[in-house]
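# mind looking at a prediction? Sequence and model below.
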Amino acid sequence: MDDATALLVTVTGRDRPGVTSALCAVIAGQGAHILDMEQVVIRDRLTLGILLSLGGEEQSARDALQATAAELGVAVDFEPVAARRPRAEAARHYVTVLGQPLRAEAIAAITQRIADCGANIDRIVRLSRYPITSYELLVSAGDPARLRSELSVEAAAQRVDVGVQRATLYRRAKRLIVLDVDSTLVQGEVIELLAEQAGCGAQVAAITVAAMNGELDFASALRRRVALLEGLEVSAVNHVRDRLVLTPGAMTLVRTLRRLGFVLAIVSGGFTQITDGLKAKLGLDYAQANTLEVMDGRLTGRLLGPVVDRAGKARALERFAEQAGVPLSQTVAVGDGANDLDMLARAGLSIAFNAKPVVRRAADTAVTVPYLDAVLFLLGITREEIEAADAEDPGWDST
């Protein structure tokens, strides 16, 4: 095939059923072959690109397509292009941009950074309009490390979230998701809520902040906080459990991933007295947490068994993956604190959710919007797909 036999046909106009079919029928009648084709419709406005290898005379093909386009009420343009010999595809990445709002200035800055990295945007797809706006950009070429670094800087400057993932089959094959609990799946820190019941809230909160920022060893900090709860009645623990508030979007995340057949797990530096109830309520597959010792209906201020700390969370991820028969490359971990770092490092995709700075720097991508279902957009799932599934199955029960 020489350069003259490759023709790019661009069709624009109001969309309606049968446009693509009619044009392809003309192409077939001219003995041409379709080398590539892509179509997008925005608010009933069609843009269709077709790359042809012509089997006959170019002018004849142009005339036939022009006549059919006129009958269909669309415009058609032609551009001869150089035929390319098959070559190795450049590395491709999905760049997901999320914002509330997502301003035009932010999109301009992010796309400029992509160009500065020597990468090209091949396709843009809107993932959601609300409660946040998000787009998925398919990007080719460019150094992935530089892309992640520069887009992270620009995301912070523009106050938006940007995630970069390799565009491979595995991106759509993440089959196990492990969520931290406190300040991730649920709002707030359970131990601080228990401390309020015990009248030692300020003391426990100060230790929690230091531990989450990585300034204190988690296990010793946990034991110090639990000791302050000595004598608290179990009924107070039940009171906190029954009044926990799920993070906005948590139910949507769980509901959607369950429909897709994901294995769902939670792992917490908190307590089984809380996580066992969440596991049952949400229909999760696995849960791992610490256990508060109880005697005569009151907390003793001690824990039973080894502490689920930073290393323990990573071991739990690995164990869940093994039990579910899922490779670590197909796992997702979501967390916010320093004790999640090892778990995030082991997962195939790590997401820092409204996290401390040390966690945002370590994770593959960070989400700062207050909606946990934003995780779905990082997996390439659109709001329209979520709503369509809800409409088809309105009687879904979390239990």
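Right, received. Where do you want to start?
# need the residues that contact stretch 97-113.
95, 121, 131-135, 137, 150-151, 154-155, 157-163, 367, 369, 374, 377 (C-beta atoms under 8 Å, 6 or more residues apart in numbering). Any C-beta I mention is one placed from the backbone N, CA and C, and that applies to glycine too.
# how does it look with 6 Å?
The contact list for stretch 97-113 (C-beta atoms under 6 Å, 6 or more residues apart in numbering) reads 132-135, 150-151, 154, 158, 160-162, 369, 374.
# same list (these) but as a markdown table, adding distance to residue 260 and neighbour count.
As requested, the contacts of stretch 97-113 are exported to a markdown table (distance: C-beta to C-beta, whole Å; neighbours: other C-beta atoms under 10 Å):
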| residue | distance to residue 260 | neighbour count |
| --- | --- | --- |
| 132 | 20 | 23 |
| 133 | 23 | 22 |
| 134 | 18 | 26 |
| 135 | 21 | 18 |
| 150 | 32 | 19 |
| 151 | 27 | 24 |
| 154 | 31 | 19 |
| 158 | 31 | 20 |
| 160 | 26 | 25 |
| 161 | 22 | 27 |
| 162 | 24 | 26 |
| 369 | 22 | 21 |
| 374 | 16 | 27 |
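# now, these that are in helices?
150, 151, 154, 158, 374 (DSSP state H).
# nearest to residue 301, of those residues?
Closest approach to residue 301 among those (C-beta to C-beta): residue 374, at 38.1 Å.
# partner residues bridging the nearest residue to the closest one once chain neighbours are set aside?
Excluding its sequence neighbours, the residue lying closest to residue 374 (C-beta to C-beta, 6 or more residues apart in numbering) is residue 367, at 5.0 Å. Beta bridges link residue 367 to residue 353, judged by DSSP bridges.
# do you know how far residue 367 is from residue 247?
11 Å (C-beta to C-beta, to the nearest Å).
# settle it for me: which of the two has more neighbours?
residue 367 (25 against 21; other C-beta atoms under 10 Å).
# so the more buried one sits right up against residue 353, yeah?
Yes. Using C-beta atoms under 6 Å as the test, residue 367 is close enough to residue 353 to be in contact (5.2 Å).
# pLDDT-wise, which helix or strand of the protein ranks last?
helix 201-212 (a mean of 85; mean pLDDT, DSSP states H and E).
# in terms of secondary structure, what does that one contact?
helix 190-198, helix 218-227 (3 or more C-beta pairs under 6 Å, 6 or more residues apart in numbering; DSSP states H and E).
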